[in-house]
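Student: Predicted model and sequence below, questions to follow.
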Amino acid sequence: MVTRSDTTGFAIPYRSAVAERGRLCAGIDPHVALLEQWGLPVDATGLRQFADICVEALGPVAAVIKPQVAFFEAFGSAGYAVLEAVIDGCREAGALVLADAKRGDIGSTMDAYAHAWLDGRSPLCSDAVTVSPYLGFGSLSPAVDAARSSGRGVFVLARTSNPEGGAVQLAGTGERSVGQLIVDEASASNADGSATVGLVVGATRSHGLDLEGLGGPILAPGLGAQGATARDLPEVFDGADPAWVLPASSRGILRAGPDPQAVRASFATARDEVEAALG
Ligand SMILES: O=C(O)c1cc(=O)[nH]c(=O)n1[C@@H]1O[C@H](COP(=O)(O)O)[C@@H](O)[C@H]1O
């Protein structure tokens with residue numbers, strides 16, 4: 001089980017997890033197509049079996065595991081019960097859990113999301129959560145504050161892996177793009193060395209961001225199914241501290257299932273490629 005102290009921030013558990021287990025975030029995305037490929041029923045029972053295999057395969061070996069909340073939500077309350085079990089199971093196996101919920105709302109509602117995902121009394125409490133800053137970076141304060149005071153993290157969308165993202169994220173605000181404004185806000189928030197605020201920057205294309213002073217983790221989705229490869233990483237993240245780069249893959253790993261050993265081997269291959277590429 002991951003231990004944390006409210007005085008060390010997210011930097012300590014994060015750095016220790018990736019030092020021990022390597023820089024690859026394993027996504028748990030129970031797509032209908034994957035349930036079918038694994039020979040499982042497309043219902044809450046199949047979801048539970050899928051989740052159990054993922055926890056068994058990935059919990060003891062991945063530094064960070066990212067369940068995509070949408071795929072659990074699709075099964076209603078039964079799906080949420082499975083998500084709770086995934087969060088608990090992965091954390092008990094020593095992985096950090098990054099809930100991919102992409103929450104973002106006005107501050108008073110953000111406060112409720114912060115309680116749901118970052119408060120130790122919530123059944124959904126995770127080590128970190130993805131958040132969307134497009135109601136203004138400041139609207140995320142309740143989540144940033146909750147994360148900072150409990151040694152957890154938030155990962156803020158800056159330059160996403162999808163082709164549509166550029167229309168908003170590359171738009172200018174004065175001399176800076178919207179994406180760079182998010183990076184700069186995150187860097188300022190990490191000035192205390194806590195690494196509370198991570199970013200999401202897709203690995204699928206060059207992002208044009210200055211990430212040098214971030215002082216926090218950079219989740220880089222897009223490996224595997226979206227076409228990015230480990231070999232792309234040094235160029236895409238040129239200028240960023242490679243120690244903070246955390247590539248992520250979901251379907252690229254999970255397609256090896258349903259045998260837990262095959263899923264684990266697929267994860268290990270991808271992680272070793274990332275480690276070799278990032279140096
Ligand atoms: O926040 C994310 O994780 C995320 C941001 C982004 O820019 N692009 C992106 O693909 N993701 C998520 O990362 C996962 C990618 O899954 P695969 O394409 O199967 O590896 C999905 O859960 C996406 O929601």
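Tutor: Received it, and whenever you're ready, just let me know what you need.
Student: If we ignore the residues flanking it in sequence, what's nearest residue 89?
Tutor: If the residues on either side of it in the chain are set aside, residue 89 comes closest to residue 55, at 3.8 Å by Cβ to Cβ, 6 or more residues apart in numbering. Placement of C-beta: from N, CA and C, glycine included.
Student: Buried residues in the helix or strand that neighbour falls within, which are they?
Tutor: For residue 55, the host element (DSSP states H and E) is helix 44-58. Neighbour-count burial for helix 44-58 flags 44, 46-51, 53-55, 57-58 (criterion: 16 or more other Cβ atoms under 10 Å).
Student: confidence score at whatever residue of the stretch 51-200 of the chain ends up closest to the ligand?
Tutor: Using Cβ to the nearest ligand atom, the point where the stretch 51-200 of the chain gets nearest to the ligand is residue 160, with a distance of 3.1 Å. Per-residue confidence (pLDDT) for residue 160: 97.
Student: That one touches residue 203, doesn't it?
Tutor: No. Between residue 160 and residue 203 there is no contact under Cβ atoms under 8 Å: 10.9 Å.
Student: the more surrounded of those two?
Tutor: residue 203 (27 against 21; other Cβ atoms under 10 Å).
Student: Just the pLDDT for the more buried one.
Tutor: The predicted local distance difference test score for residue 203 is 97.
Student: mind listing what it touches?
Tutor: With contacts defined as Cβ atoms under 8 Å, 6 or more residues apart in numbering, the neighbours of residue 203 are 161, 220-223, 226, 228, 232-233, 236-237, 247-248.
Student: And the furthest pair within the residues you listed?
Tutor: For the contacts of residue 203, the maximum inter-member distance is 15.9 Å, found between 226 and 237 (Cβ to Cβ).
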